[in-house]
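> 3D model of this:
(4 chains, ligands or ions: 4)
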Amino acid sequence: MPGPFITDEQIARAREMAREITDPIFDLIRRNTTVSTERTVLRFFGISGAGAGGVPLVNLMVEKLHAAGALNRGAAYWYGRALRMGARSPLEAVEKLTALPAQALAPLPPAEEQALREEVRGEARAALDEVKARIALRDGLRKELGMSPPPHKYVIVATGNIYDDVDQARAAAQAGADVIAVIRSTAQSLLDYVPHGATTEGYGGTYATQENFRIMREALDDESRKLKRYVQLTNYSSGLCMAEIAFCAAAERLDMLLNDAMYGILFRDINLRRTFIDQYFSRRICALAGIIINTGEDNYITTADAYEAAHTVIASQFINECFAKRAGLKDWQLGIGHSYEIDPARPETFLLELSQAMLVRRCFPDAPLKYMPPTKHKETDIFFSHAYDVMADLVAVWTRQGIQLLGMMTEAMHTPLLADRYVALKSASYIHRAARGIDEEITVREDGKIANRARFVFGKSMELLEECRRDGLIAAIGRGHFGDVKRAETGGKGLEGVVEKAPDYFNPFLDFLEAS
Amino acid sequence: MPGPFITDEQIARAREMAREITDPIFDLIRRNTTVSTERTVLRFFGISGAGAGGVPLVNLMVEKLHAAGALNRGAAYWYGRALRMGARSPLEAVEKLTALPAQALAPLPPAEEQALREEVRGEARAALDEVKARIALRDGLRKELGMSPPPHKYVIVATGNIYDDVDQARAAAQAGADVIAVIRSTAQSLLDYVPHGATTEGYGGTYATQENFRIMREALDDESRKLKRYVQLTNYSSGLCMAEIAFCAAAERLDMLLNDAMYGILFRDINLRRTFIDQYFSRRICALAGIIINTGEDNYITTADAYEAAHTVIASQFINECFAKRAGLKDWQLGIGHSYEIDPARPETFLLELSQAMLVRRCFPDAPLKYMPPTKHKETDIFFSHAYDVMADLVAVWTRQGIQLLGMMTEAMHTPLLADRYVALKSASYIHRAARGIDEEITVREDGKIANRARFVFGKSMELLEECRRDGLIAAIGRGHFGDVKRAETGGKGLEGVVEKAPDYFNPFLDFLEAS
Amino acid sequence: MAQKPPKQLIRPYGDRRDDGVVQLSFTLPVPLSEKAKEAAAQFARKMGFTDVKVAAAERAADHYTFFIVYAHSPVSIDYAEIDVPEVVVKKLGFDDLNALIEQRIGRRLVVLGACTGSDTHTVGIDAILNMKGYAGDYGLERYPWFEAYNLGSQVPNEELIQKAMARGADAILVSQVVTQRDVHKDNSAHFIEAAKKLGAHGKALLLLGGPRVDHKLALELGFDAGFGSGTKPSDVANYIAHAVLKKMGKEPQSLHYEGEPA
Amino acid sequence: MAQKPPKQLIRPYGDRRDDGVVQLSFTLPVPLSEKAKEAAAQFARKMGFTDVKVAAAERAADHYTFFIVYAHSPVSIDYAEIDVPEVVVKKLGFDDLNALIEQRIGRRLVVLGACTGSDTHTVGIDAILNMKGYAGDYGLERYPWFEAYNLGSQVPNEELIQKAMARGADAILVSQVVTQRDVHKDNSAHFIEAAKKLGAHGKALLLLGGPRVDHKLALELGFDAGFGSGTKPSDVANYIAHAVLKKMGKEPQSLHYEGEPA
Ligand code: B12
Ligand code: B12
Ligand SMILES: Cc1ncc(COP(=O)(O)O)c(C=O)c1O
Ligand SMILES: Cc1ncc(COP(=O)(O)O)c(C=O)c1O
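Residues are numbered from 1 along each chain as shown, chains lettered A, B, ... in the order given. Ligands and ions are numbered 1, 2, ... in the order given. All right, here's what the predicted structure looks like:
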C-alpha cells in the first residue's frame, strides 16, 4: 500500500488551492467562446462534410460568422436562424448561412427568438441522445466481452496510413494490447480544422479524423470479438481542435482521449486563452461520453529534469484534476499522467520512481492513472532500454496503474516496429503476472528514503501551488514553472479564434451538459 | 528486511538436525581416505609434474601404492619413506617410490617411524606456510584495490582455450564483472586426475589445471590493477578430484570454488562415499586458503520443478552448511547456492522468488550466498530472456546476495558470447544501482503470500530434514529427494578409489588443518 | 508437388509491408571510435544491407565494440516455393497408437535411450522416456506397447548400443545437449561408427535428439531421424511405430503423418 | 594518405576471433509454422549468412512471425582501409575558443537556430544554444564571442532564414528530430531551397543537427555540416569558428581539428 507519507489534510489543502487557482481561468472560460467550440456545436447538429479543397463545412460556416463578427451569439443561434429560414437539412443550413450577407443578420422579434431557441434546444437534445446511444453500444460491448485486469497495456501505432494502422492495431491486440493509441501526424495539433475522411499520409502519425476513428473502432470491435476481450481505442484531443476531436471521439465510441488543460500551451505553443476555453468544452463532452482522459504531465519531465521537476508534475496534476472535475468528469475518468523518467545513471532511481508513483497513487486514490515509460534517457542500446522498461513495468503493477503505456526498446530511434510492440507486450505481461499483488505484500517504511522523498516532493508541489494561487496560474506559466517552457497569455497560435460572448450567446449543448 | 517469517528456534532446530544427519557421514569420512585425497597430500609436498602421456606424477605414485595395497597408511608416510631412503627432492621421491617393489614396503623400527613422521610433519608445516604466504599475497592485493559492493557480478567464460579465456575474462572485467568463473570442460569431473599444464582444447569449458589457474589469476591481477578494482576468480572443485583442485586453487590464489558436498553424487553420478570423503579434505583446504565456496543447490531445480522442490533446496543448504562448518569454513566463506527458476508462465512468480530468496537470507544471515539466474525456463527469445534476468537481478540486490551469477539472454542456446556478458553486466549494474537499499525501505507483511509461502517451504524442508535424520541421508538420496535423482551408496564412479585407513594412517596436513 | 504454385514474394516487415527492416547486433574486435562505427556500417553494407543505421556502438571492452544496427534488406523469398511434406495420417494419441502397435505389429516395441558421451543433460531424454513425460504428454515408459529403458547420462556410445542389441531393440535414442565446438556432432558421428561396427546400424532405428538437433542434421550424421526443441514423447512414439510398420512393409514409404520429423 | 597501410582484416567476434557470429531479428508477414521457420532460414542464407540457426520463431500476431536468428558471416572488413581525417588542431575549450574568435576574427559571431517545420523537439537545439548547454558543456548563448538566438520549435524555414539574414548571421542552425517517412529530409531540402531563394545559401554557414543526422547526410542535403546524437555545444562552436576563419582565408581548407564533423 502506498504511503500514507502525507496527511489527508495536506491533500485536501492541495485540492483547495487548485480550486482557487482555476477560479480566474473559469471566468475567462465563461466569458469567451472559440471558433473550434462553435464548430463543435455545428458538428453536434450533424454537419460533418467538407467543401472545396477539403475545407470542413463547419469551418466555412464559422469563418463566415466570425468574419461577420456574429460568432459571439453562438453558432447554434445562427443555425437556428437558418432553420427558421426554411433549411430542411444541416447542409441546407450551411448554404443558407454562408449565403447570408453580413447585414442581413438583424435581430428577430422576441417571440421568434424564443421559438428559435426552443427548436434548436430540441435538436440539441436529440443530438445528445444520439451520442449517448452510440456510447451505450460501446459500453455494452465492453461489458459483454470484459477487459483484462489493469494495468491496461497501451501501445501506439503511427504508420501515417489508417489502413496500415488497422493492420498493426489488430496485430498488437493479438499480441496482448489492451489499448491502442493512434498517434497523430506531427503537424495536426497546429491545424485549426479537423481533416475530413480516411487518410493515408501522415508524418510521425496518422491524422485524427472522424472517419479514421470509425474505421479503427470498427476494426477493433471485430478484433475484440475474436479475442473475446474488449480492446480500447484512444486518440489525442489536444491542439487547436480539442472539442471537435472530443466530439468525433464520442460519436465514434472511442474509450479514451489524451486531453490536458495545459499541454497545448506548453508543448505546442497554442495560445493560452484559446486552450483553456477549448479544453473546458472538450472535457464536458468527455464527461458525457464516458471517455477516460489522459493528462500530459509526463511531458514536463522530458524537457525539465525528472529529478528536479518532480514536484511540478504533482502540482499540475491537482490543477488538471480540478479543471476536469469542474467539467463534470468523474474520478474513474482521470487517467492522470506521470512517468518513469529519472536519469538511470543516478543512484537509487528505482526507489525514487517508486516514491513518485506511490505519491501520485496516494494523491489520486480513485483515478485510474496513466503511467508513461522512460523515453528521454532511453538509449539506442535496445537491450539496455528493454531492461529499463522492465523496471517501469514493475512500478506500474506495483502502484496499480490503470493504464500503462509500454516502453519500446527502440524508443530512442523510431516509432515502434511491429516487433517492438510484441517484445514490449510479452515482457510486460510477464512482469504484471509475476508481481501482481506485491503492493499488498509490502509496506514502505515511513522514515525511509522513499517516504522522505515523497514528502519532500509533495512539499515542493505545495509551494508551487501556493505560488500559482498567489500570483496566478498564467504568471506561473510565464515563469516556465511547467516543463521549463515559458508562455505568455497573448502569445502562441489561435488567439484570433477566441471570441467574447455576447449577452445573448447561445449554446444549448453547454447548457445541457452543465445541467446534467 | 527479510522475515522474520519463522522463529530463530525453528532455524536452530534445522541446524541441529543437519548436525545429526551429517554425524554418520563423518564416521565414514574418518574411517576412509581416497586416491585423490592422497594425491593432494603429495601435491602439497610439491609433486606437480606429469610423466609419460601426461599422466600426473601424483597419479603414478598413488596408483602404485594403491595397487600394492599400501595406500591405507597414507601417501605422506611413503613419501617419508622415500625421503629416509635419501630422496633429495620430491621428484626423486617419486622415482624411489614408484621403483619400490611391493614386498620391500616392510615396517620400520618405532624410533625410525617417529623420526620419519617428525621429518614429514616438518615438511608439511613448511608446505602449509608456503600456501598461506601465497594467500596473503592475494588478500593483500584485494585489500589494496578493494572490491565493488555486493552483489558481486559473476560471469563465466567457457571457450575451451585458456588464452581465449584470458582475453574474454579481461573483457568481462572491463565491462564490470567482479567474479570470473572459468567453466570446466564437460568431461573433466569424470577424470580421476587433474590434467597438467596450459590447455587449449575443451568442450563446453576449459580444463581446470594448476597452470591454467596461474595464467588466469596472473591476467586478472594485471587487469585488477588497471581497473583499480580487485576481480575475483573461481573454478570448480567437484567431481573426482575435489581436494586436488582445491589445492591447485589455493596455491594459485583463487578466490572462490564451486564446491558442494553432494553435487558430484547427484549430477555427475560419482560414488557417494568417494564424494563425501573427498569433499571434506577439499573444504579443509578451502578453509585454510580463505576460499569462498559456492554450493550447488540451484541445480536441484533444473531437474526437479522449482515450485514443487523449493524445500529440497533449503534442506540441502542446511546440510551443506553443516558439512562446511565441520570442515572449518566460516560463515563469510559460504556462498550457499539458490536460484530464480520457477516457471515464468505461473502467476506471482516474482513474489514466490522473493519469498524463497528472503527465506534463504533469513536462514543464513551471515553467509554471502550465491544467487543463480533463471536457466531452465529461459527462452530462445533473447528479449524475453533478458527481461526475465532483470527480475533476478532485482531479487539479488533486494536480498543482499553476496555473489550473483548473471543470467545470459542466450542461455537457452549457447555458452555466452562476449556481447552477452556485456549486455548482462550493463543491465545488472543498472538494476543494482537503481534498487540498492530497497530491503531497508520495505517490510514484508507477516500474513501475506510471501511470508506464508516462506513458512510453507521451510515447514516442508523441516520434514525432509527430519526424514534424513530418521532414515539417514544416504537413504534420502536413494529416494531421489534431491534433484529427483536417485543414487545408491555403492553406485557411480570412483568407489574403487576409496580406501579404509589403517590404524597408523598418516596425513599431517589433515592433522594440522583440523588442529588449527 | 503437382504444378508450380503462383509466386508469393515476402520480405521482412518492420513498420510497413516489404520495408525489409532487419535488426542486427555483432561485436567487432576494435576499440570504440568513429572509425569502428564506419567499419560496422561497411560490414552491414557488404552483407548486402541498404539504408544502414548504426544505432548503437557500445564499449563492450577496451578492444571490443558491440554494435546494434538497423538496416533494410533487398532480399525477398518466394514463400510458395518452400514446400513441407503434406500430412496424410493424423498424429495418433496415446490409446490409438498403442492400439495400432497391438493390432498391426503385435508385439511391444523395445527402445533404449541415453544421453551419451560426456553430456550429463538428462532432462531431455527423461522427458521423452520417463513415465512423467513432457508438457502433459506421457513418456514412452507409460505406453503399454513400448518397452522403454532409460540408461541416463554420460553413457558411452558402445555401452548403449550393446545393451540395445542384447535386448533386440527396435530403436536406440541418443540425446545430445551440449553442442559447443560441435561436440554433439563428433560424439554422434562416433556413435554411428560404433553402431556400424557392432551391427546395430540398419537393424535398429537410430534417433538423435537435442535442442540444437534437427532432422536434416540427424540424417547427415547417419541417423534415421532427428528431433529438436519442444519434441513431445508422442511425436517420437508415432515416428517409431510408423517407421517399424514401413520396415515391415505394412505401410508405404510415401506415407506422411502429422508431426513427422522433417 | 601517403602510402597504403598493411591489411587489417576484421570480422565479427562472437565467442572467438573471426567466428563471424551475428545476431539478427526480423518479422515475416506469415503465420508461425515450420514453413515460416524455413523461410526465415532461407532469408538469412540468401543474405549470405552461413550456419544459420533460427533460434526463436515467435507468434507476434496471427499473420506475423518474429524471428531471432544467430548466424555466421563470411564477410571481413579491411580496417586499415577505413580512413578518418587525422586531427591536426586540438579542440579548443570555452576560453581558448573565445580568445581565438576575439583575436583572429575580432567580432562576435552571430548564430540563429530553431527546430523547423512541424517538429516540436526543442531539447536538442536548446542543448546547443541555451546557456545551460548539454552534459556540462556550456551552450553558445554563454560564449561572450557568440551572439546566439534560439527561435524555438515549429518555426517555418523562411522565418528562420529571414531573421538570420536580417541579423547578418554567420551561421544558421536547423534541428530535425522527427525523421519518420524522411520528413526531416523533405523539410531540410525545403530549407535549402528557401535559403537559396532568399540568398542565405553560400552566405551564412548552414548547420543541420538531430539524432538521425550525420555529416554525410547534411552535405547531401546541401548543408555545410551535420551533427548527430551526443553533439556538444563546444563541437558546434569550434566548427563555426574554424569555418569562418577558413572563409576569411585565415585558415587553410586542409586544416583538420578535433571533433570536426566527418
Ligand atoms: C538443466 C541444465 C543443466 C543441468 C543438467 C541436469 C541434468 N541432469 O539434466 C546442470 C546444471 C547439471 C547442467 C550442467 C552443465 N551444463 Co547445462 N544446461 C541446462 C539447461 C539450463 C536446461 C536444459 C534442459 O533441461 N532443458 C529442458 C529439456 C526438456 O529440453 P531439451 O534438453 O532440449 O530436450 C527436449 C528436446 O531437445 C528433445 N530431446 C532432447 N534429447 C532428446 C533425445 C531424443 C532421442 C529425442 C527424440 C528427443 C530429445 O526432447 C526434449 C523435450 O522436448 C540448459 C540451458 C537451457 N535453458 O536450455 C543448459 C545448457 C544446456 N548447459 C550447458 C552447459 C555448457 C553445461 C555444462 C557443460 C557447463 C559446465 N561446464 O559446467 C555443465 C555440465 C553438464 C555436462 N557436462 O553436460 C549449455 C550448453 C551449451 C552448448 N550449446 O553447448 C547450456 C545451453 C547453457 C548455456 N547457455 O551455456 N546443465
Ligand atoms: C522529449 C521528446 C518529446 C517531447 C518534446 C519536448 C520538446 N519540447 O522538445 C514531446 C513529449 C513533446 C514529444 C512529442 C512528440 N514526439 Co518525441 N520524443 C522525445 C524523446 C523522448 C527525447 C528527445 C530528446 O529530447 N532528446 C534529447 C536531446 C538532447 O537529444 P537530441 O534531440 O538528439 O539532440 C542532440 C543531438 O541530436 C544534437 N542536435 C539536435 N538538434 C541539433 C541542431 C543542430 C544545429 C546541431 C548542431 C545539433 C543538434 O545535439 C543535441 C545534444 O547532443 C524522443 C525519444 C528519444 N529518447 O530520443 C522522442 C521522439 C523524438 N519523438 C518522436 C515522436 C514521433 C514524437 C511525436 C511526433 C509523436 C506524436 N505524434 O505524438 C510528438 C509530437 C512532437 C512533434 N510534432 O515533433 C519520435 C520520433 C520518431 C522518428 N524518428 O521520426 C521519437 C524518436 C520517439 C519514438 N521512438 O517514437 N517528444
Ligand atoms: C496530452 C497530450 N496531447 C497530445 C500529445 C501528442 O502530441 P500532438 O498530438 O500535439 O502531436 C501528447 C504527447 O504525447 C500529450 O501528452
Ligand atoms: C557445485 C557445482 N560444481 C560443478 C559444477 C559444474 O559442473 P562440472 O564441473 O561437473 O562440469 C556445477 C554446475 O554448474 C556446480 O553447481
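
> For the helix or strand containing A:R39, give the mean pLDDT please.
Assigned by DSSP states H and E, A:R39 falls within helix A:35-44. The pLDDT scores in helix A:35-44 average 98.

> to the chain's geometric centre, what's the distance from whichever helix or strand comes after that helix?
Reading on from helix A:35-44 to the C-terminus, the next helix or strand found by DSSP H and E is helix A:57-67. Offset of helix A:57-67 from its chain centre (Cα atoms, centre = their mean, to the nearest Å): 25 Å.

> Contacts for helix A:57-67 next, please.
Contact with helix A:57-67 is made by A:35, A:38-39, A:42-43, A:47-51, A:71, A:75, A:78, A:91, A:94, A:97-98, A:100, A:102, A:192-193, A:244, A:497, A:499, as judged by Cβ atoms under 8 Å, 6 or more residues apart in numbering or on different chains. No exception for glycine: its C-beta is placed from N, CA and C like everyone else's.

> Just the CA trace of that helix, in PDB.
Only the C-alpha atoms of helix A:57-67 are listed here, as PDB (Å, rounded to 0.1, in the frame of the first residue of the first chain):
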ATOM      1  CA  LEU A  57     -18.200  22.800 -43.800                       C
ATOM      2  CA  VAL A  58     -18.100  23.700 -40.200                       C
ATOM      3  CA  ASN A  59     -15.000  25.800 -40.800                       C
ATOM      4  CA  LEU A  60     -16.600  27.600 -43.800                       C
ATOM      5  CA  MET A  61     -19.600  28.400 -41.700                       C
ATOM      6  CA  VAL A  62     -17.800  29.500 -38.600                       C
ATOM      7  CA  GLU A  63     -15.300  31.600 -40.600                       C
ATOM      8  CA  LYS A  64     -18.200  33.300 -42.200                       C
ATOM      9  CA  LEU A  65     -19.800  34.100 -38.900                       C
ATOM     10  CA  HIS A  66     -16.500  35.100 -37.300                       C
ATOM     11  CA  ALA A  67     -15.800  37.400 -40.200                       C
END
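
> avg pLDDT for that helix?
The model assigns helix A:57-67 a mean pLDDT of 94.

> ok, stretch A:162-176 near ligand 2 or not?
No. Residues of stretch A:162-176 are not located near ligand 2 by Cβ under 6 Å from any ligand atom, the shortest gap being 12.6 Å.

> unless I'm mixing things up, C:T179 is touching C:L217, no?
No. Using Cβ atoms under 8 Å, C:T179 is not in contact with C:L217, being 10.2 Å away.

> Mind checking which of those two has more residues around it?
C:T179 (21 against 17; other Cβ atoms under 10 Å in any protein chain shown).

> contacting residues around the closest residue to A:H414 other than its chain neighbours?
Distance criterion Cβ to Cβ, 6 or more residues apart in numbering or on different chains; nearest residue to A:H414, sequence neighbours excluded, is D:Q180 at 7.0 Å. When contacts are counted by Cβ under 8 Å, 6+ apart, D:Q180 touches A:A158, A:G160, A:Y203, A:G204, A:H414, A:T415.

> so which of those are also by ligand 2?
Near ligand 2, judged by Cβ under 6 Å from any ligand atom, the entries from these are A:G204, A:H414, A:T415.

> Wasn't the second one part of a strand?
No. Using DSSP: H, G, I helix; E, B strand; the rest coil, the assignment for A:H414 is coil, not a strand.

> Next, the angle from the helix or strand bottoming out on mean pLDDT in chain A to helix A:57-67.
When the helices and strands of chain A are scored by mean pLDDT, DSSP states H and E, helix A:90-99 comes last with a mean of 81. Angle of helix A:90-99 versus helix A:57-67, following axes from the mean of the first three to the mean of the last three Cα atoms, to 10 degrees, is 30 degrees.

> by how many degrees do helix A:90-99 and helix A:35-44 diverge?
140 degrees.

> end-to-end on stretch A:174-182?
Using Cα to Cα, to the nearest Å, the gap from the first to the last residue of stretch A:174-182 comes to 16 Å.

> quick one: is it near chain D?
Yes. Using Cβ under 8 Å from any Cβ of the partner chain, stretch A:174-182 comes into contact with chain D via A:Q174, A:A175.

> so does that stretch get close to ligand 3?
No. Against ligand 3, stretch A:174-182 shows no contacts by Cβ under 6 Å from any ligand atom, the least distance being 8.8 Å.

> List the contacts of stretch A:299-312.
So stretch A:299-312 is contacted by A:263, A:266-267, A:297, A:313, A:316, A:337, A:339, A:341-343, A:346, A:352, A:356, A:375-376, A:457-461, A:463-464, A:481-485, D:122-123 (Cβ under 8 Å, 6+ apart).

> what about the closest residue to ligand 1 within the stretch 1-150 of chain A, neighbour count?
Ligand 1 sits closest to A:S148 of the stretch 1-150 of chain A, with a gap of 28.9 Å, by Cβ to the nearest ligand atom. When neighbours are counted by other Cβ under 10 Å, A:S148 registers 16.

> what secondary structure does it sit in?
coil.

> mind listing the helices for the stretch 51-200 of chain C?
C:94-100, C:123-129, C:157-166, C:183-197 (DSSP state H, counting those that start in this stretch).

> For A:Q232, which residues are in contact?
Contact partners of A:Q232, counting by Cβ under 8 Å, 6+ apart, are A:M147, A:H152, A:D178, A:V179, A:I180, A:L220, A:D255, A:M256.

> which among those residues gets closest to chain C?
A:I180 (15.4 Å; Cβ to the nearest Cβ).

> Check the burial of residue 207 by counting its neighbours.
Let's take chain A. By the other Cβ under 10 Å criterion, the neighbourhood of A:Y207 contains 24 residues.

> Not quite, go with chain C.
For C:L207, the neighbour count with other Cβ under 10 Å is 26.

> Show me the residue at the heart of the chain, geometrically.
Chain wasn't specified; assuming chain A. A:N259 (1.4 Å; Cα atoms, centre = their mean).

> The chain in question should be chain C.
Central residue of chain C (Cα atoms, centre = their mean): C:D214, at 2.2 Å.

> got any ranges where the chain has weak pLDDT?
Let's take chain A. A:1-2, A:101-105 (pLDDT under 70).

> actually it's chain C I care about, not the one you picked
Low-confidence regions of chain C, defined by pLDDT under 70, span residues C:1-3, C:84-89.

> just so I have it, where are all the strands in it?
C:9-10, C:21-28, C:50-61, C:64-72, C:77-78, C:109-116, C:146-155, C:171-175, C:205-209, C:225-227 (DSSP state E).

> Indicate which one of the ones you listed is closest to B:T443.
strand C:50-61 (38.5 Å; Cβ to Cβ).

> That closest one near ligand 2 anywhere?
No. Shown here: strand C:50-61 not in contact with ligand 2 (Cβ under 6 Å from any ligand atom), separated by at least 10.3 Å.

> buried subset of the contacts of A:Q232?
Buried members of the contacts of A:Q232, scored by 16 or more other Cβ atoms under 10 Å in any protein chain shown, are A:M147, A:H152, A:D178, A:V179, A:I180, A:L220, A:D255, A:M256.

> can I get those in JSON lines with secondary structure?
Listed next are the buried ones among the contacts of A:Q232 as JSON lines, based on three-state DSSP:
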{"residue": "A:M147", "secondary structure": "coil"}
{"residue": "A:H152", "secondary structure": "strand"}
{"residue": "A:D178", "secondary structure": "coil"}
{"residue": "A:V179", "secondary structure": "strand"}
{"residue": "A:I180", "secondary structure": "strand"}
{"residue": "A:L220", "secondary structure": "helix"}
{"residue": "A:D255", "secondary structure": "coil"}
{"residue": "A:M256", "secondary structure": "strand"}
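
> Pipe the residues you listed into a markdown table and attach distance to B:H432 per row.
As requested, the buried ones among the contacts of A:Q232 are exported to a markdown table (distance: Cβ to Cβ, whole Å):
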| residue | distance to B:H432 |
| --- | --- |
| A:M147 | 36 |
| A:H152 | 31 |
| A:D178 | 32 |
| A:V179 | 33 |
| A:I180 | 36 |
| A:L220 | 41 |
| A:D255 | 39 |
| A:M256 | 37 |
